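Peer 1: When you get a sec, could you give me coordinates for this:
(one chain, ligands or ions: 1)
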Amino acid sequence: MANKNLNQAKNAKKDEFYTQLVDIENELRHYRAHFKGKTVLCNCDDPRVSNFFHYFSYNFEQLGLKKLITTCYKNQNRDLFSQNDSERAIWLEYLGDKNGDRVPNPEEIGIHYFNGDGDFRSAECIELLKQADIVVTNPPFSLFREYVAQLMKYEKKFVIVGHQNAIHYKEIFPLIKENKLWLGYGFKGGAAHFYSKYEDTATAGDHREGMIRVSGVNWFTNLEIPKRHEDLILYKCYNPVDYPKYDNFDAINVNKTSEIPMDYVEVMGIPITFLDKYNPEQFEILGTSTTDMPKGAPYVGGKRIYERILIRRKPMQDVVGANNDSTLQMGQPASYNQPDTTLPLAAEDPEKYNRTGVSHTPSK
Ligand SMILES: C[S@@+](CC[C@H](N)C(=O)[O-])C[C@H]1O[C@@H](n2cnc3c(N)ncnc32)[C@H](O)[C@@H]1O
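Peer 2: Residues are numbered from 1 along each chain as shown. Model (predicted):
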């Protein structure tokens, strides 16, 4: 049902979904240590409606940011429900609080005009991208491939929203396999409500006024997070009845991530949801049924089953080694051991929201 929302949006290139502040907070609290001293770029973000701009400007000091750059695309297609309807595309630069009120005031925010439309692929935007250490946004779903390719080209760190369908893209899956991109903590229940004027096809119980519900959304990142180094606890043992081999590939079929047999070290096919639990010290990703199996799909007992990711356990000593000291091995900031506390947000005070002088979509 909610996927219909996304498909419609993608087909019509309807990219106007606006992320809720609470969803941004829930994800980014796990990345706090990464932001210290960094320049953050939000490059698909009209500051009047973007909660990414809001999050970083109001938490600039708490995060210890060096600079926040936000670029606003001037959508040329008036048929879209774009709120990016300013006369000219602009970009903002915020270097933190100057007058001591710890709030981003208009006079503290530098407004610059683009010559072009602020497309993230334009030369002007790429110059800003080069300045950035970490890119954080919800980019247009319809341009996700290009968006990620550009981040990779300029070797940027990022935390971005995308749809889990992107995992299947031929441009994205190899990055996951090569541990250049992974899933973040994600949205509650794998679905999120976004501010949007598109028609919501969610069921009545899930409907929220002025919002659209999209299932299968996730966060994609290349920043180290503790989740990625947590071992999946396995409790099942291999037997050929519960774990039959595929008709068309030399691997066993596993129907649930939690049922991966702990004593099996050869190739296994596992549902794509495994990626949410993937720890590269425990498993290696080898491919997918679509790309690596004859007929492009897994068959068991003559029946075609859902797409699988092909994985293999890493040798036990590696796993033990990872358990011993995975944090240090992966070079994570020591502050990962800090408790996960959400930043106290100035943003929680709606009165302060408007002190930047930009009208803002309600965030809660
Ligand atoms: C999914 S929305 C998210 C908006 C905002 N980042 C947020 O999360 O609230 C994607 C935004 O990217 C903008 N956009 C579309 N094409 C773009 C492009 N080529 N360059 C930059 N932004 C673009 C859209 O107008 C839209 O506002």
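Peer 1: Please identify which helix or strand holds the residue most central in space within the chain.
Peer 2: By CA atoms, centre = their mean, the chain has its centre lying nearest to Trp219, at 1.9 Å. Secondary structure from DSSP states H and E places Trp219 in strand 217-221.
Peer 1: Outside of that strand itself, list whatever touches it.
Peer 2: For strand 217-221, the external contacting residues (CB atoms under 8 Å, 6 or more residues apart in numbering) are 27, 31, 148, 157-164, 166, 181-187, 190-192. To be clear about C-beta, it is placed using only N, CA and C from the backbone, and glycine gets the same treatment.
Peer 1: and if you look at stretch 250-260?
Peer 2: 232, 234, 236, 238, 242-246, 261, 264, 266-271, 273-274, 276-277, 298, 300, 305, 308, 310.
Peer 1: returning to that earlier point: how close does the residue nearest to the centre of the chain get to Tyr306?
Peer 2: Trp219 sits 23 Å away from Tyr306, going by CB to CB, to the nearest Å.
Peer 1: helices and strands around the helix or strand where Thr291 lies, which ones?
Peer 2: Assigned by DSSP H and E, Thr291 falls within helix 289-292. Packing contacts for helix 289-292, counted by 3 or more CB pairs under 8 Å, 6 or more residues apart in numbering; DSSP states H and E, involve strand 309-313.
Peer 1: need the residues of the stretch 1-150 of the chain near the ligand, please.
Peer 2: In this structure, the stretch 1-150 of the chain approaches the ligand at residues 15-19, 44-45, 50-52, 73, 75, 82, 84, 118-120, 137-140, 143, judged by CB under 6 Å from any ligand atom.
Peer 1: count of neighbours near Asp133?
Peer 2: 16 (other CB atoms under 10 Å).
Peer 1: thought it was touching Val159?
Peer 2: No: the criterion here is CB atoms under 8 Å, and Asp133 misses it with Val159 at 11.8 Å.
Peer 1: nearest residue to the closest residue to the ligand within the stretch 151-300 of the chain other than its sequence neighbours?
Peer 2: Going by CB to the nearest ligand atom, the ligand is nearest to Val161 of the stretch 151-300 of the chain, at 6.6 Å. Residue nearest to Val161 in three dimensions, not counting chain neighbours: Asn138, with 3.7 Å by CB to CB, 6 or more residues apart in numbering.
Peer 1: cool, and Glu230?
Peer 2: Excluding the flanking residues, the one nearest Glu230 by CB to CB, 6+ apart is Asn279, at 6.0 Å.
Peer 1: Counting only helices, which of the residues of the stretch 1-150 of the chain next to the ligand make the cut?
Peer 2: The helices, defined by DSSP state H, take in Asn51, Phe52 from those.
Peer 1: related to what we said a few turns ago, list the contacts of the residue nearest to Val161.
Peer 2: If you count contacts by CB under 8 Å, 6+ apart, Asn138 has them with Phe17, Tyr18, Thr19, Cys44, Phe52, Ile160, Val161, Phe194.
Peer 1: same deal with Glu199?
Peer 2: Contact analysis of Glu199 by CB under 8 Å, 6+ apart lists Ile212.
Peer 1: Could you tell me which of the contacts of Asn138 belong to strands?
Peer 2: Ile160, Val161, Phe194 (DSSP state E).
Peer 1: Just the buried residues from those, in ChimeraX please.
Peer 2: Buried members of the ones in strands among the contacts of Asn138 can be picked out in ChimeraX with the line below, counting by 16 or more other CB atoms under 10 Å:
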select :160,161,194
